[in-house]
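Peer 1: Below are the sequence and a predicted model; questions follow.
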Amino acid sequence: MSVHIEAQMGEIAETILLPGDPLRAKWIAHTYFEDPKLFNDVRGMLGYTGIYKGKPISTMGTGMGVPSISIYAHELITEYGVKNLIRVGSAGSYQKEIKVRDIVLAMAASSTSGINRLRFNGADYAPTADFGLFQKALEVAKIKNITLKAGNVLTSDEFYGDDVEAYKKWSAFGVLCVDMESSGLYTIAAKHKVKALSILTISDSLVTGERTTAEERETTFKEMIDVALELT
Ligand SMILES: O=P(O)(O)O[C@H]1O[C@H](CO)[C@@H](O)[C@H]1O
Ligand SMILES: O=c1cc[nH]c(=O)[nH]1
């Protein structure tokens with residue numbers, strides 16, 4: 001048992017799928033895993049372990065934002081020996097050609113979060129995806145005929161920023177979309193020498209104002225999960 005996770009050692013698999021929303025973790029476990037077992041309910045941050053294609057696999061919510069995912073990633077790695085952390089999240093598009101329902105692999109994650117500036121004494125650190133997981137995701141998507149896009153994303157500390165035009169600067173520098181966790185996940189994984197990849201489904205567009213319905217989100221999340229499940 002760690003501070004925020006009540007599982008016993010051995011109850012969490014080496015590979016874990018990490019949505020922000022704990023109810024998405026419940027949906028993943030009950031939709032895809034054989035024999036899913038709940039390992040965490042502390043703070044309602046549901047976590048499950050089950051079997052997929054004969055191998056143990058886990059999923060757990062991370063909550064929203066860099067501080068929240070950083071706490072869970074730290075405990076999963078240092079207290080439970082997790083080695084492959086795969087975020088399966090939603091994101092807002094910053095580019096006209098990145099449409100709702102598209103799937104984006106975060107090759108790197110820029111950030112408005114101040115955590116890494118504190119960590120690196122004011123210098124900029126570039127959090128990046130694990131190359132092996134990234135390459136495997138491309139291979140899996142090709143076999144499954146799923147289209148992936150990839151590039152730099154922004155991990156923001158704000159969902160409701162004061163300046164609604166602020167995204168345009170990031171967009172002008174090629175950032176594809178915005179989430180709130182990827183840079184935190186990549187940084188903690190790098191610190192502990194384990195692997196991480198963030199797979200994001202576009203749920204809305206800051207460029208066009210388009211949004212997916214809850215039902216559509218479930219269908220498109222399915223393609224993202226289909227890729228993530230094969231990365232073990
Ligand atoms: O759908 P999830 O994984 O929670 O990700 C996105 O959705 C939340 C904001 O609504 C933030 O956590 C953001 O990163
Ligand atoms: O962090 C997020 C996620 C989805 N859409 C946004 O605009 N921001």
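Peer 2: Received, thanks. Ligands and ions are numbered 1, 2, ... in the order given.
Peer 1: what's the helix or strand for the residue most central in space within the chain?
Peer 2: Note on the chain: the residue nearest the mean C-alpha position is R87, at 2.1 Å, using Cα atoms, centre = their mean. When secondary structure is defined using DSSP states H and E, the element that contains R87 is strand 84-93.
Peer 1: so what does that strand touch, helix or strand wise?
Peer 2: Judged by 3 or more Cβ pairs under 8 Å, 6 or more residues apart in numbering; DSSP states H and E, strand 84-93 is in contact with strand 15-18, helix 66-80, strand 177-179, helix 182-191, strand 195-205, helix 214-228. (Glycine included, C-beta is placed from N, CA and C.)
Peer 1: is any part of it close to ligand 2?
Peer 2: Yes - with Cβ under 6 Å from any ligand atom as the threshold, strand 84-93 lies in contact with ligand 2, specifically through S90, A91, G92.
Peer 1: and of these, the nearest to ligand 2?
Peer 2: Relative to ligand 2, the closest of the residues of strand 84-93 next to ligand 2 is G92; by Cβ to the nearest ligand atom it sits at 2.6 Å.
Peer 1: so how many other residues sit close to the closest one?
Peer 2: The number of residues packed near G92 is 22, by other Cβ atoms under 10 Å.
Peer 1: so who does the closest residue in space to S68 that isn't next to it in sequence touch?
Peer 2: Here the nearest residue to S68 in space, its sequence neighbours aside, is T62; by Cβ to Cβ, 6 or more residues apart in numbering that works out to 5.9 Å. If a contact means Cβ atoms under 8 Å, 6 or more residues apart in numbering, then T62 has L18, P19, G20, M45, S68, I69, Y72, A73, R87, E181, L185 as its contacts.
Peer 1: Same list, the residues you listed, but only the ones touching ligand 1.
Peer 2: Judged by Cβ under 6 Å from any ligand atom, the overlap between the contacts of T62 and the neighbourhood of ligand 1 comprises P19, G20, E181.
Peer 1: mind giving me a markdown table with those and columns for distance to N40?
Peer 2: Shown next, in a markdown table, are these (distance: Cβ to Cβ, whole Å):
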| residue | distance to N40 |
| --- | --- |
| P19 | 14 |
| G20 | 15 |
| E181 | 18 |
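Peer 1: that older thread, what's the least confident stretch among the helices and strands packed on strand 84-93?
Peer 2: Among these, helix 214-228 carries the lowest mean pLDDT, a mean of 84.
Peer 1: Show me what that one is packed against.
Peer 2: Under the contact definition 3+ Cβ pairs under 8 Å, 6+ apart, helix 214-228 sits against helix 22-32, strand 84-93, strand 103-111, helix 131-143, strand 195-205.
Peer 1: Sweet, I'm off.
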